[in-house]
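K.L.:
Pasting the sequence and the predicted model now:
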Amino acid sequence: MPVRADGLPDTAAHPDSKDAGDGEYTGSSANTGHTGDGGDPAPPPGLVVLGHFDQPPGYGVNRPHGSASWLFTWTTAGRGLLWQGGARTTAGAGDLVVLAPGVPHGYAVEPGAPHWQFWWVHCQARPSWATWLRPYGTGDGMYAVTSAPAGVRDRVGTAFRRMHADARWTGTEAPPDASPPNPQVAVAHGGAARELALCALEEVVLLTTAGARPTAPRPGLDARIRRAQELIDADPGAPHTVRSLAGGVALSPSRFAHLFSRQLGQSPMRALREARLRHAARLLESTDLPVERVAAASGFVSPFHFNRAFRERYGEPPGAYRTTHGDPSG
């Protein structure tokens with residue numbers, strides 16, 4: 001059953017929009033990344049949902065359980081404040097801030113700012129974007145691209161407007177023209193509309209990260225923890241354990257697990273699982289390996305566990321993901 005903008009949570013629908021409905025979401029809380037025991041819900045995973053807000057002081061969203069999808073924000077005026085796990089950043093005009101799924105997060109109008117005007121997109125990020133975003137990581141799955149050149153901002157704005165139009169395309173007639181920002185929330189239903197919207201977002205990510213100055217590593221991040229991250233990213237399919245990773249950075253397993261969790265907001269095994277799922281997604285996109293071999297190459301011993309974990313992370317099983325995201329020429 002298609003999801004309409006008026007069926008989304010109130011945090012994903014503009015309060016002044018006639019299309020926002022009453023803000024009540026009646027779907028399964030398990031699909032929103034929110035367990036129902038406090039905090040604001042998020043759109044279900046697997047969708048591309050976007051909008052353009054201009055919010056006054058006092059606006060804020062808090063998700064103590066995070067979201068099941070990625071959140072991209074591009075500030076066009078005013079200032080916002082965003083936090084994810086232990087990472088925090090402010091955002092002004094021309095700043096792209098990206099929040100990965102599965103980590104407690106929130107955002108609000110920065111105290112003292114008159115308003116915050118911004119584009120936002122909830123979606124499942126393409127695995128290839130991780131390479132472009134990685135230099136801008138501030139920890140806990142937050143990426144702050146805060147120095148995009150002024151020369152690319154108009155084109156980024158055009159890409160967002162095109163994304164908003166493409167997401168509303170039904171596929172039965174010409175796509176709607178890109179229009180000035182408006183408070184209507186757009187939900188991409190069809191596969192073509194979703195892929196066109198993601199292509200526009202990919203342009204945004206590439207434009208901003210290619211010309212911006214990478215954010216300095218988060219102050220206080222232990223070099224041994226950074227090295228452990230590098231070990232995981234270099235070969236996520238390897239049989240890593242807490243003990244082997246700890247040995248690689250000359251720490252005891254208990255000390256390593258405690259320090260890793262304290263500094264990055266997730267356990268080493270949770271970080272490894274996320275890295276393996278990203279690796280699996282890249283293989284599904286770019287190869288024709290059977291799903292069982294993708295699972296094995298990504299470090300999953302059990303195909304059943306891989307299928308379940310992949311669906312939880314990306315909102316669809318591996319086979320369906322390959323159909324919608326794979327390279328047709330591969």
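P.N.:
Right, received. Where do you want to start?
K.L.:
Contacts only, for residue 236.
P.N.:
Neighbouring residues of residue 236 by C-beta atoms under 8 Å, 6 or more residues apart in numbering: 272, 275-276, 278-279, 298-299. To be clear about C-beta, it is placed using only N, CA and C from the backbone, and glycine gets the same treatment.
K.L.:
oh sorry, the question was meant for residue 107
P.N.:
Contact analysis of residue 107 by C-beta under 8 Å, 6+ apart lists 60-61, 73, 80-83.
K.L.:
repeat that for 10 Å
P.N.:
Each residue near residue 107 by C-beta atoms under 10 Å, 6 or more residues apart in numbering is listed here: 11, 55, 59-63, 71, 73, 80-84, 89, 91, 97, 99, 116, 118, 120.
K.L.:
Specify which member of the contacts of residue 236 is nearest to residue 109.
P.N.:
Taking C-beta to C-beta as the measure, residue 109 lies nearest residue 278 of these, at 32.1 Å.
K.L.:
Give me the phi and psi angles of the closest one.
P.N.:
Note on residue 278: its backbone torsions stand at phi -60, psi -40 [degrees, to the nearest 10].
K.L.:
returning to that earlier point: if you look at the contacts of residue 107, which of them are in strands?
P.N.:
55, 60-63, 71, 73, 80-84, 89, 91, 97, 99, 116, 118, 120 (DSSP state E).
K.L.:
sorry, back to before: of the contacts of residue 107, buried ones?
P.N.:
The neighbour-count test (16 or more other C-beta atoms under 10 Å) applied to these identifies 11, 55, 59, 61, 63, 71, 73, 80-84, 89, 91, 97, 99, 116, 118, 120 as buried.
K.L.:
now do the same end-to-end measure for stretch 294-307.
P.N.:
Start and end residues of stretch 294-307 are separated by 11 Å (C-alpha to C-alpha, to the nearest Å).
K.L.:
What are the buried residues along that stretch?
P.N.:
Neighbour-count burial for stretch 294-307 [16+ other C-beta under 10 Å]: 294-300, 303, 306-307.
K.L.:
mind putting the residues you listed in TSV, pLDDT and secondary structure included?
P.N.:
Output for the buried residues of stretch 294-307, formatted as TSV (pLDDT from 0 to 100; DSSP: H, G, I helix; E, B strand; the rest coil):
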residue	pLDDT	secondary structure
294	91	helix
295	93	helix
296	92	helix
297	91	helix
298	91	coil
299	93	coil
300	94	coil
303	91	helix
306	94	helix
307	94	helix
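K.L.:
distance of the residue most central in space within the chain from residue 249?
P.N.:
The chain has residue 70 as the residue nearest its centroid, 1.8 Å off, counting by C-alpha atoms, centre = their mean. According to C-beta to C-beta, to the nearest Å, residue 70 and residue 249 sit 28 Å apart.
K.L.:
do the same with residue 193
P.N.:
45 Å.
K.L.:
Also residue 277?
P.N.:
Residue 277 is 23 Å from residue 249, by C-beta to C-beta.
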